[in-house]
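Q: Whatever this is, show me its structure:
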Amino acid sequence: MIQKINNPNGLLVICGAAVFALLVAVAKISPHLGSGTFDRELIPVFIFFMVAAAAVYLAAVGFLRKNRACSVLLIILFGLGFRTLFFFSDPILEDDFHRYFWDGAVVTGGMNPYEHSPGEVARGEGDGELGELRDLYGDTLDRVNHPHVKTIYPPVAEFFFALSYRISPMSLTAWRILLMVFDIATLGLLFATLRKLCIPLQYSLIYWWNPLLVKEIFNSVHMDVLAFPFVLGAILLFICGRKRLWAIVLSLAVGVKLWPALLFGMFLSPLRQKKETLIQCLVFTAVLLVIFLPMVAFKLDSATGVVAYGKSWQNNSPFFAATLSVWESALNALDIHPGHAQTYSRAGIIMILLAWKSYVAFAIGSIGIHKKALLIIGGAFLLSPAQFPWYYTWLLPFLCVAPSPGFLALTALLPLYYLQYYFTPSPPGEGGIFGNMVVWLEFVPVWVLLAWEWWRFRASKNVNSCQIQS
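A: A predicted model of the protein is given here:
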């Protein structure tokens, strides 16, 4: 049926209007779903709207892959409309932005956000300038989640928090404007990438129309989009042969979020000149040392954000929960305290991830650098002890170049994450109906689809190999 449509723009408008209407409904109920007090009965309603929007979006992606004549301008205008809807909405069941605002105030005041946790400042620790900020922005300080933990965000991200504060202190609108700038920059770099690879620009819809991204970035105002232009810029520079500049840009991406560091090896895999490879490694390392100097200037302890996250963060991850359960049972059988299971589980996950990263970067043949990035970051997401919906947005720029049904399905499945607030309203966490059932509903279909994709990939390689031999 899709192939027989003579007016692809007409169907595009229908899909865009349907997603828009569903996101209007989400924005309309947002005042009743704040992170502090919320109407628990509206959570399934919110999830229904998000899943329905995702279903329409996935239909549009399927239509796009068979009908590439639709208007790029329509794609751009609808995507802008989706984002504008949330500019004055209330963040739904999220409060990370309070940390951004507090850190921005601290940095703007000329202080180091890695020195004291918000909880320490609230108790009166720190110098007089921190006390002045506490008196001025005590309401924001009181709302920072995990106040006993020092900030986890790298220095380049802290710079942008401070920039938002400079524009307008503690302002969601100012922060959303900054996110929009990076979002549009991401779209521009996607256009440049697609054009460079001779892929239709219409594939940008995969990123630009994704309703989960729109919700997580422009409603919940997560900062993850800040890294996207740096990552895409580094890859584009690499494709264009800028052998050292890409290393600088990639290091800036790591300065926003740590996950782009996983991509470094895949840039080196095609290189055969040892001297040039060494120079690029040195450039990348030197820039990282400069960027992260403010972060490592103070002693790393249990209150340091990166340390706390690495040791104990766990949410919405069935694979890690199963791994942890196996280790606990094994340690109990060996009369070893099961508290060590966290350490062993995380060490095992890290080893699996490093092995997968090395395999993708160096062992898999010419599947394209964006496909490799998707497989590496997708693997990191699925193995991670914490699989928040906004982490999924990391995959979307790569999906425009290398669409994957398994990873795209997460757009419709990850909204189920918010059921943890329905089943365990205070506080949310693993266990119960959510931990034992819902997380598996989120991810089992994805693993099945990815296994099917991998089987098809291996089968096609075998067919091609046989044709070459014959």
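Q: Leaving out the residues flanking it, which one is nearest to the residue most central in space within the chain?
A: The chain has Tyr391 as the residue nearest its centroid, 2.6 Å off, counting by Cα atoms, centre = their mean. Computed as Cβ to Cβ, 6 or more residues apart in numbering, the closest residue to Tyr391 that is not its neighbour in sequence is Phe381, at 5.7 Å. Where you see a C-beta, it was placed from the backbone N, CA and C, and this is true even at glycine.
Q: The one you found - how many residues pack around it?
A: Neighbour count for Phe381, taken as other Cβ atoms under 10 Å: 19.
Q: any chance you could map the helices in the stretch 151-300 of the chain?
A: Using DSSP state H, counting those that start in this stretch, the helices of the stretch 151-300 of the chain run over 155-167, 172-196, 205-208, 211-214, 228-239, 245-254, 264-268, 274-296.
Q: With mean pLDDT, mean neighbour count and distance to Asp39 added, can I get these in CSV?
A: Below are those laid out as CSV (pLDDT from 0 to 100; neighbours: other Cβ atoms under 10 Å; distance: least, Cβ to Cβ, whole Å):
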stretch, mean pLDDT, mean neighbour count, distance to Asp39
helix 155-167, 97, 19, 29
helix 172-196, 97, 18, 21
helix 205-208, 98, 24, 31
helix 211-214, 98, 26, 21
helix 228-239, 96, 23, 33
helix 245-254, 96, 22, 38
helix 264-268, 86, 19, 45
helix 274-296, 88, 15, 39
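Q: Any idea which of these gets closest to Ala347?
A: helix 264-268 (20.0 Å; Cβ to Cβ).
Q: So which elements touch that closest one?
A: helix 245-254, helix 274-296, helix 369-383 (3 or more Cβ pairs under 8 Å, 6 or more residues apart in numbering; DSSP states H and E).
Q: In CSV: these, plus distance to Gln420.
A: Putting those into CSV (distance: least, Cβ to Cβ, whole Å) gives the following:
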stretch, distance to Gln420
helix 245-254, 30
helix 274-296, 31
helix 369-383, 18
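Q: Tell me which of those helices approaches Trp102 most closely.
A: Closest of the helices and strands packed on helix 264-268 to Trp102 is helix 274-296, at 16.2 Å (criterion: Cβ to Cβ).
Q: And that closest one, what does it pack against?
A: helix 155-167, helix 245-254, helix 264-268.
Q: got these as CSV, with distance to Ile76 columns?
A: Putting the helices and strands packed on helix 274-296 into CSV (distance: least, Cβ to Cβ, whole Å) gives the following:
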stretch, distance to Ile76
helix 155-167, 24
helix 245-254, 25
helix 264-268, 30
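Q: List the buried residues of the helix or strand hosting Ile75.
A: If you go by DSSP states H and E, Ile75 is part of helix 72-85. For helix 72-85, the neighbour count (16 or more other Cβ atoms under 10 Å) marks 74-76, 78-79, 81-83, 85 as buried.
Q: just stretch 336-343 next, same as before
A: For stretch 336-343, the neighbour count (16+ other Cβ under 10 Å) marks 341-342 as buried.
Q: Tell me the gap between it and the middle of its chain.
A: Centre-to-centre, stretch 336-343 and its host chain are 29 Å apart (Cα atoms, centre = their mean, to the nearest Å).
Q: rewinding a little: report the separation between the residue nearest to the centre of the chain and Arg68.
A: 30 Å (Cβ to Cβ, to the nearest Å).
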